[in-house]
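A.B. asks: The sequence and its predicted three-dimensional model are supplied below.
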Amino acid sequence: MSRFAEKVVLVTGASAGIGRATAEELGRLGAKVALVARGSAGLDGAVRAIEAAGGTARAYPTDVADFGALREAAQRAEAELGPIEGWINDAFTSVFAPFKQVSPEDFARVTEVSYLGFVHGTMIALSLMEPRGRGTIVQVGSALSERSIPLQSAYCGAKHAVNGFTESLRCELLHDKSPVQITVVQMPAVNTPQFSWVRTRLPNRPQPVPPIYQPELAARGVVWALEHPSRKQYWVGGSTVATLLAQRLAPAILDRYLARTGYKAQQTDAPEPPDRPDNLYDPVDGPGSKDHGAHGSFDDRSHARSLELWCSQHRRALGMGLTGVAAAAGAAALVQRD
């Protein structure tokens, strides 16, 4: 039996991408999944997928930027499914454009969803979990939360802010000896539908910066973090590890490298139609629309596995194994010396 069997987990951003893949993975593991997002077609598709796998799911169409609406969705989920024991903040939106081309309204909207949406979710989760004495909150982050790149100033700013408030909250929870745990999963570039519906001012179609990973890999990282929340952060993907280490070791060099390569790396060679709809203010998967699912259009270029995630999940065993190898090598050296 999975330890998630019959446990209630709420996932924001559950209609597509990482949130969708995470919700479906939790459903397969037996959890009761509360699905929160704006897009009704995606939510309906997620419910069908989870129920087809034998799980339980309920959809709550909600904009996470609206605190009252999100709190009401959580209350409805608890009334219909039971006490929420896991809360995964994943909903976001973005604008691909040079900062000088982003309007104040668009920048504020990205901040309201991609930062304040996490704040709202965390506030509500704590209010439900602390009185019961149990619960885990997972923030789905990004390598861009520590190393920003050009053309995504609003999104990068929001992800940095999520790191900042989560660290502050973690200290407060430790001070209060709270039973609620919180952790962050830093993600690489993932093959999600966002690149087909994000607002963009770029001449060509947006793309994830390679290497690209499949959303199911990201979902496994989120579910692992939900099950093992004692660590402050988890890193998914070799590019995440490389990016975060490079930022710590040589940030100025990375600035110059991204200034030279960051514009081209985030665009394909295909022109972007200027009238293409986006989801900044309204979902593109409303009633009667297509369910986009978890995947974007980069399947042929995406990786389904990550050695770094495996190492992160098995850090203790790996450390013991390396210690054993070192001890064996040392013993062999002594024998040869004798």
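C.D. replies: Structure received. Numbers count the residues shown, from 1 in each chain.

A.B. asks: now for the host helix or strand of residue 124, which elements pack on it?
C.D. replies: According to DSSP states H and E, residue 124 maps onto helix 117-129. Here helix 117-129 touches strand 8-12, helix 67-81, strand 84-89, strand 136-140, helix 153-175, going by 3 or more Cβ pairs under 8 Å, 6 or more residues apart in numbering; DSSP states H and E. (Glycine included, C-beta is placed from N, CA and C.)

A.B. asks: Let's see that with 7 Å instead.
C.D. replies: For helix 117-129, the packing partners by 3 or more Cβ pairs under 7 Å, 6 or more residues apart in numbering; DSSP states H and E come out as helix 67-81, strand 84-89, strand 136-140, helix 153-175.

A.B. asks: With mean neighbour count added, can I get these in TSV?
C.D. replies: Shown next, in TSV, are the helices and strands packed on helix 117-129 (neighbours: other Cβ atoms under 10 Å):
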stretch	mean neighbour count
helix 67-81	17
strand 84-89	26
strand 136-140	26
helix 153-175	17
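
A.B. asks: Pull the residues that contact the helix holding residue 124.
C.D. replies: Identification of contacts with helix 117-129 by Cβ atoms under 7 Å, 6 or more residues apart in numbering yields 12, 64-65, 67, 70-71, 74, 78, 84, 87, 89, 91, 135, 137, 139, 162, 165, 169, 180.

A.B. asks: make it 6 Å
C.D. replies: The contact list for helix 117-129 (Cβ atoms under 6 Å, 6 or more residues apart in numbering) reads 12, 64-65, 67, 70-71, 74, 84, 87, 89, 91, 135, 137, 162, 180.

A.B. asks: what's the closest of the helices and strands packed on helix 117-129 to residue 286?
C.D. replies: Across the helices and strands packed on helix 117-129, residue 286 has its closest neighbour in helix 67-81 (16.4 Å, Cβ to Cβ).

A.B. asks: and that closest one, what other elements does it pack with?
C.D. replies: Judged by 3 or more Cβ pairs under 6 Å, 6 or more residues apart in numbering; DSSP states H and E, the packing partners of helix 67-81 are strand 32-37, helix 117-129.

A.B. asks: of all these, which gets the most neighbours per residue?
C.D. replies: Greatest average neighbour count among these goes to strand 32-37 (a mean of 29), per mean count of other Cβ atoms under 10 Å.

A.B. asks: got the contact list for the residue nearest the centre of the chain?
C.D. replies: Residue closest to the mean C-alpha point of the chain, counted by Cα atoms, centre = their mean, is residue 140 at 3.0 Å. Counting by Cβ under 6 Å, 6+ apart, residue 140 touches 18, 90, 185.

A.B. asks: Can you check what pLDDT the model gives the first one?
C.D. replies: On the pLDDT scale, residue 18 is placed at 98.

A.B. asks: distance of it from residue 228?
C.D. replies: 18 Å (Cβ to Cβ, to the nearest Å).

A.B. asks: okay, these two: which has more neighbours?
C.D. replies: Shown here are residue 18 and residue 228; by other Cβ atoms under 10 Å, residue 18 has more neighbours (29 against 14).

A.B. asks: Leaving out the residues flanking it, which one is nearest to the more buried one?
C.D. replies: In this structure, residue 18 finds its nearest non-sequential neighbour in residue 218, 4.6 Å apart by Cβ to Cβ, 6 or more residues apart in numbering.

A.B. asks: go on, residue 178?
C.D. replies: residue 130 (6.1 Å).

A.B. asks: and the gap between that neighbour and residue 192?
C.D. replies: Applying Cβ to Cβ, the value for residue 130 to residue 192 is 32 Å.

A.B. asks: Neighbour count for the two, which is higher?
C.D. replies: residue 192 (29 against 15).

A.B. asks: Where does that one sit: helix, strand or coil?
C.D. replies: coil (DSSP: H, G, I helix; E, B strand; the rest coil).
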